[in-house]
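Engineer: return a 3D structure for these sequence lines:
(one chain, ligands or ions: 1)
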Amino acid sequence: MHELSITKSMLDLVLDQAQKNGAKRVQGINLVIGEMSAVVDDCVRFYFDFLSKGTIAEGAQLSFKAVPVTARCQACGEEFELEEFNWVCSECGGARIDIVKGRELYLESIEVE
Ligand SMILES: [Zn+2]
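Structural biologist: Numbering: from 1, shown residues only. All right, here's what the predicted structure looks like:
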């Protein structure tokens, strides 16, 4: 279910961008996927094939780039990559951190014709 709604909004965004650029066809879609997003790329591909039928994005190649999870310490403001979900600031050892990157899937760019 998670992937279906994500794929749908991703496709809407792609079609919107393609239209603004006057594209006739979308050839490739580059996506960034956060390691914490729990999005399965095979599922996105599957839903994409299904949802894009009959649109100018039908048959487009999806490519995924994984980004590590980045967190920011609430105490000292240090930003660092979370390794193996070690939820402690690498600078001051504080345990109150916010996730700033790596939570979702987003569109990096599209290739159109
Ligand atoms: Zn800190």
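Engineer: average pLDDT for the longest helix seen in the chain?
Structural biologist: The longest helix of the chain (DSSP state H) is helix 2-20. In this model, helix 2-20 has a mean pLDDT of 93.
Engineer: all the strands of this protein, residue numbers only.
Structural biologist: Using DSSP state E, the strands of the chain run over 26-34, 61-67, 70-73, 79-81, 97-101, 105-112.
Engineer: quick one: is stretch 71-89 near the ion?
Structural biologist: Yes: on the criterion Cβ under 5 Å from the ion, stretch 71-89 is in touch with the ion at 73, 75-76, 78, 89. Just so you know, the C-beta spots here come from the backbone N, C-alpha and C atoms, and that holds for glycine as well.
Engineer: which of these fall within helices?
Structural biologist: Short answer: the residues of stretch 71-89 next to the ion have none in helices (DSSP H).
Engineer: make a ChimeraX selection of the buried ones in those residues.
Structural biologist: Selection command for ChimeraX covering only the buried members of these, criterion 16 or more other Cβ atoms under 10 Å:
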select :73,89
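Engineer: can you lay out the residues of stretch 71-89 next to the ion as JSON lines showing distance to Gly54 and pLDDT?
Structural biologist: Converted to JSON lines, these look like this (distance: Cβ to Cβ, whole Å; pLDDT from 0 to 100):
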{"residue": "Cys73", "distance to Gly54": "48", "pLDDT": "96"}
{"residue": "Ala75", "distance to Gly54": "52", "pLDDT": "96"}
{"residue": "Cys76", "distance to Gly54": "52", "pLDDT": "97"}
{"residue": "Glu78", "distance to Gly54": "49", "pLDDT": "95"}
{"residue": "Cys89", "distance to Gly54": "50", "pLDDT": "92"}
